[in-house]
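1. Dropping the sequence and predicted coords here.
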Amino acid sequence: MRTEPGGCCCRRPVRANDCVANGEVRNGYVRSSAATAAAAASQIHHVTQNGGLYKRPFNEGFEETPMLVAVLTYVGYGVLTLFGYLRDFLRHWRIEKCHHATEREEQKDFVSLYQDFENFYTRNLYMRIRDNWNRPICSVPGARVDIMERQSHDYNWSFKYTGNVIKDVINMGSYNYLGFARNTGPCQEAAAKVLEEYGVGVCSTRQEIGNLDKHEELEKLVASFLGVEAAMTYGMGFATNSMNIPALVSKGCLILSDELNHASLVLGARLSGATIRVFKHNNMQSLEKLLKDAIVYGQPRTRRPWKKILILVEGIYSMEGSIVRLPEVIALKKKYKAYLYLDEAHSIGALGPTGRGVVDYFGLDPEDVDIMMGTFTKSFGASGGYIGGKKELIDYLRTHSHSAVYATSPSPPVVEQIVTSMKCIMGQDGTTLGKECIQQLAENVRYFRRRLKNMGFIIYGNEDSPVVPLMLYMPAKIGAFGREMLKRNIGVVVVGFPATPIIESRARFCLSAAHTKEMLDTALKEIDEVGDLLHLKYSRHRSVPLLDRPFDETTYEETED
Amino acid sequence: MATVAEQWVLVEMVQALYEAPAYHLILEGILILWIIRLLFSKTYKLQERSDLTVKEKEELIEEWQPEPLVPPVSKDHPALNYNIVSGPPSHNIVVNGKECINFASFNFLGLLDNPRLKAAALASLKKCGVGTCGPRGFYGTFDVHLDLEDRLAKFMKTEEAIIYSYGFATIASAIPAYSKRGDIVFVDKAACFAIQKGLQASRSDIKLFNHNDMDDLQRLLKEQEIEDQKNPRKARVTRRFIVVEGLYMNTGTICPLPELVKLKYRYKARIFLEESLSFGVLGEHGRGVTEHFGIDIDDIDLISANMENSLASIGGFCCGRSFVIDHQRLSGQGYCFSASLPPLLAAAAIEALNIMEENPALGLWSQWNKQKRNWRKLRPQSAGWPRPCCFSLGPGGLSPRNTQTDLSHCTVSHRGPAGTRQGVTRWCGYRLSI
């Protein structure tokens, strides 16, 4: 096995995936890893010998952008920019009607609130395809959703609701990994009961009079779910990061943050006042170099040793669909005595044979991760965030976290939804519903990704991640893809600059355990059609479809020793 | 022919050498010698210290000991063990097993256990489930959210409103969306923590003025004006903001809004008003401090409030003109990068707004005026009750003021006569904090 620095990883035969279903790792794999590790060891002399650390194959790929496509994308943006300048010029000279809001007359001599250039992109590029975002829905965001129809007669500057509802659109955009976004069922009934009893709001902070018995119950449950000593919950996932990282590190500490970390992690790191250094996405060589340099050279200029080093990584990166190389990160962290902050916003509930996230997926010990953070929005169908770890950590956060002191505690029915769904996933409610959901999600992910790859699209990310980015590249195709899919009754999420690099716009599918095979097949058929229509099948590596490849005994013998 | 030409050039050169003045030759000779010296001298590095060997690096790595991740917290830390509330946190509350009267929540209008709110939230729960499973941009916008934004805008008589899913994040995301590095923000010294975090995230220049002291603020603004005249180019691109709260969380006083508006137009700074405590409390209809003072709402650029106090829900909102508010839809961090507000909470907030609009007399101000008499009547009987020294005259007139005195044992457990208990219970909407 060979690891390339760019993040492309060991490519194994397609068949390999079948064996690793829900954590049943066949003996062949562990042994094969050990054998190849010996070969790998001679090449890689640092601590993390990939072979020995990984109990299952780590298949992640980011196919390179084809040169022609990249050039055409830049040309596309160039043309759009030119037209943007032209339109701005026309608007300035009132040849074209100006639709956007303007400053008050009385305040015209104030310094202008926005710089013209800041909004250039918004006015001229985003506005054209704005109908692909902020689509209002009026039903539960499950596997199928009802979208309110809206029309625009002035090229997306304003929308009017026609009153019609596009019913039963297949929802491939909501973060509903385990299918707990439902308006019927045990979770909803329990939440309704608690709503009747406790009401909706709390009107106080945790440290004052807002700490309900429900919150204590939830925290104990979260701690037992994650396998840590204690946990603490907060009302908002974003705020969990932005308010707790400053409580943990301060000036004189070093934060090593992944290139593609979420805005909440970046904000929390900035607010803490610590020095931030960024390592290349999921690149362990880059991280190790930074760690070494930090310890050897100390703080810049004064050369004092750093007080603490904190590594910020996410479980699944939602724009790339990649999974963090956790075994290597933990090995590095142990060697260099750094602390690890793992943000499992997308991976909790969605990865791992028992749904306990990326730690479970790699079969590691939760005690190795110093701070396990996650959110309840994605897999639990509620809202809020949590932090889990050792008791000292949680005690410290209870006393010093900004959220506990200044922000309102979570709402009781939301807490009850989390409690019920978590018990369901753990199997404590007496059913096997949780386990089935996890298995269904894993199967859906494998199936969907394989079929898309076979069709010839460029798909980024890890083979097991439920976030599936499909590359579009060209700006016009962003709008076209979103609209065409909606016409065919499938709701997708398309993302462009600035959430992604300028030429790497993509469509992002979020799979769910609630998606049945029929829904996936329908979606795949439509994606195929739209892909042909818009010429999106850029991939140059076509892997042989599984069915066509005969069962070859020789491949098994290779891996089995 | 070449050789002849070469010879000819050589002859010319030698001739030039003879004809050149002496100082010229000497200078050139010195320069040539200098160049030769430089060419042969040793190169030197800027760094004093030479690179460490691999072994030394490894030793340094071995020796380095980080601080523990968190410092130990003593078991007697007052904030370590929270009070556990069993059951609903309404006027009568069970704290740590004891039944008490609730003087500690921000439940200003008493809507926390209102059955209409519960019914509205229940209906929304049955329709849409609990969570929204996505941010506003990606199928997380519900019809309830659009309704609530509409209603809030209409209630506050502004053009547009935007909702956040967490009260703290509202002002903390709004400020950095407008104020960037290089801009100047004049903020009151007693500003609440959320504002402080917003200012920190914005990286702007912060100028603090003494609490509610308009003269101090004017002094700072004048100084800035003088600075501007020195550098008009920079001044043309530096935005100015004044951030104040309607009712200050830390002191319980009301800000002097009329004077602030005058200062705004004179010194061309925009006002951001944080109305978390005053929304639903001040003003005839509960529209906040602008209604209280009778100021045109368009004079305030941005009003931010949270729905966790008077509206007894969760979340926050900003309202103002579309020109200002629309910008947050793409650059408010707490809006774009976070999941949207659960629809049941939004439905409860809409119902609370309905109740507020139907009974303007529910507003705290009118209640306060009515109950002032009752409270005074209550005092002689309340030998065992804490001293209500908490209401004092602030710059805006009478205001419910936070106190730090005798309410430290606000869990009043003994029962007075039924009349007094009821009278006090009606007061429980007021926050008399610890």
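-> Now that the structure is in, tell me what you want to look at. Residues are numbered from 1 along each chain as shown, chains lettered A, B, ... in the order given.

2. Let me see the contact set for B:A79.
-> A:Q207, A:R398, A:T399, A:A404, A:V405 (Cβ atoms under 8 Å, 6 or more residues apart in numbering or on different chains). Every C-beta, even on glycine, is put in place using the N, C-alpha and C of the backbone.

3. thinking the first one is in contact with A:A404, fair?
-> Yep, that's A:Q207 we're talking about. Yes: the pair A:Q207 / A:A404 is scored as a contact, 5.4 Å apart, by Cβ atoms under 8 Å.

4. out of those two, which sits in the more crowded spot?
-> Between A:Q207 and A:A404, counted using other Cβ atoms under 10 Å in any protein chain shown, the more crowded position is A:A404 (24 against 20).

5. is any part of the helix or strand that one falls within close to chain B?
-> Assigned by DSSP states H and E, A:A404 belongs to helix A:402-406. Yes: counting by Cβ under 8 Å from any Cβ of the partner chain, chain B is contacted by helix A:402-406 at A:H402, A:S403, A:A404, A:V405, A:Y406.

6. Throw together a ChimeraX command that grabs the buried residues out of those.
-> Only the buried entries of the residues of helix A:402-406 next to chain B go into this ChimeraX selection, using 16 or more other Cβ atoms under 10 Å in any protein chain shown:
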select /A:402,403,404,405,406
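
7. got the residues of helix A:402-406 next to chain B as CSV, with pLDDT columns?
-> Converted to CSV, the residues of helix A:402-406 next to chain B look like this (pLDDT from 0 to 100):
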residue, pLDDT
A:H402, 87
A:S403, 87
A:A404, 87
A:V405, 87
A:Y406, 90
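
8. any low-confidence regions in chain B?
-> B:1-8, B:45-50, B:361-434 (pLDDT under 70).

9. So for it, the centremost residue is which one?
-> The geometric centre of chain B, computed from its C-alpha atoms, lies nearest to B:I195 (Cα atoms, centre = their mean), at 2.5 Å.

10. do you know how far B:A190 is from B:D51?
-> From B:A190 over to B:D51 the distance is 53 Å, taken as Cβ to Cβ, to the nearest Å.

11. Let me fix that, I meant to ask about A:K334.
-> Where B:D51 is concerned, A:K334 sits at a distance of 27 Å (Cβ to Cβ).

12. Neighbour count: the two, which is higher?
-> In this view A:K334 and B:D51 are compared by other Cβ under 10 Å, and A:K334 has more residues nearby, 12 against 9.

13. if you skip the residues just before and after it, what's nearest to that one?
-> A:D368 (7.5 Å; Cβ to Cβ, 6 or more residues apart in numbering or on different chains).

14. dump the residue contacts of B:V144.
-> B:S124, B:C128, B:P343, B:A346, B:A347, B:I350.

15. lowest confidence element among the helices and strands of chain A?
-> The helix or strand of chain A with the poorest confidence is helix A:27-43; it has a mean of 37 (mean pLDDT, DSSP states H and E).

16. on contacts alone, who are the packing partners of the following helix or strand past the helix holding A:A404?
-> Downstream of helix A:402-406, the first helix or strand assigned by DSSP H and E is helix A:412-426. Helix A:412-426 is packed against helix A:186-198, helix A:213-226, helix A:433-455, with contacts defined by 3 or more Cβ pairs under 8 Å, 6 or more residues apart in numbering or on different chains; DSSP states H and E.

17. And chain B, is the last one touching that?
-> Right, helix A:433-455. No: contact of helix A:433-455 with chain B (Cβ under 8 Å from any Cβ) is absent, the minimum separation being 14.2 Å.

18. Export only the CA atoms of that helix, formatted as CSV.
-> Extracted in CSV, the C-alpha atoms of helix A:433-455 (Å, rounded to 0.1, in the frame of the first residue of the first chain):
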residue,chain,number,x,y,z
LEU,A,433,-34.3,-0.2,14.6
GLY,A,434,-31.1,1.6,15.3
LYS,A,435,-28.9,-1.2,14.0
GLU,A,436,-31.0,-1.5,10.9
CYS,A,437,-30.8,2.1,10.2
ILE,A,438,-27.0,2.1,10.5
GLN,A,439,-26.7,-0.9,8.2
GLN,A,440,-29.1,0.6,5.7
LEU,A,441,-27.1,3.8,5.6
ALA,A,442,-23.9,1.9,5.0
GLU,A,443,-25.4,-0.1,2.2
ASN,A,444,-27.0,2.9,0.6
VAL,A,445,-23.6,4.7,0.7
ARG,A,446,-21.8,1.9,-0.9
TYR,A,447,-24.4,1.3,-3.6
PHE,A,448,-24.8,5.0,-4.5
ARG,A,449,-21.1,5.7,-4.7
ARG,A,450,-20.4,2.7,-6.7
ARG,A,451,-23.1,3.4,-9.2
LEU,A,452,-22.1,7.0,-9.6
LYS,A,453,-18.5,6.1,-10.2
ASN,A,454,-19.5,3.5,-12.7
MET,A,455,-21.5,6.1,-14.6
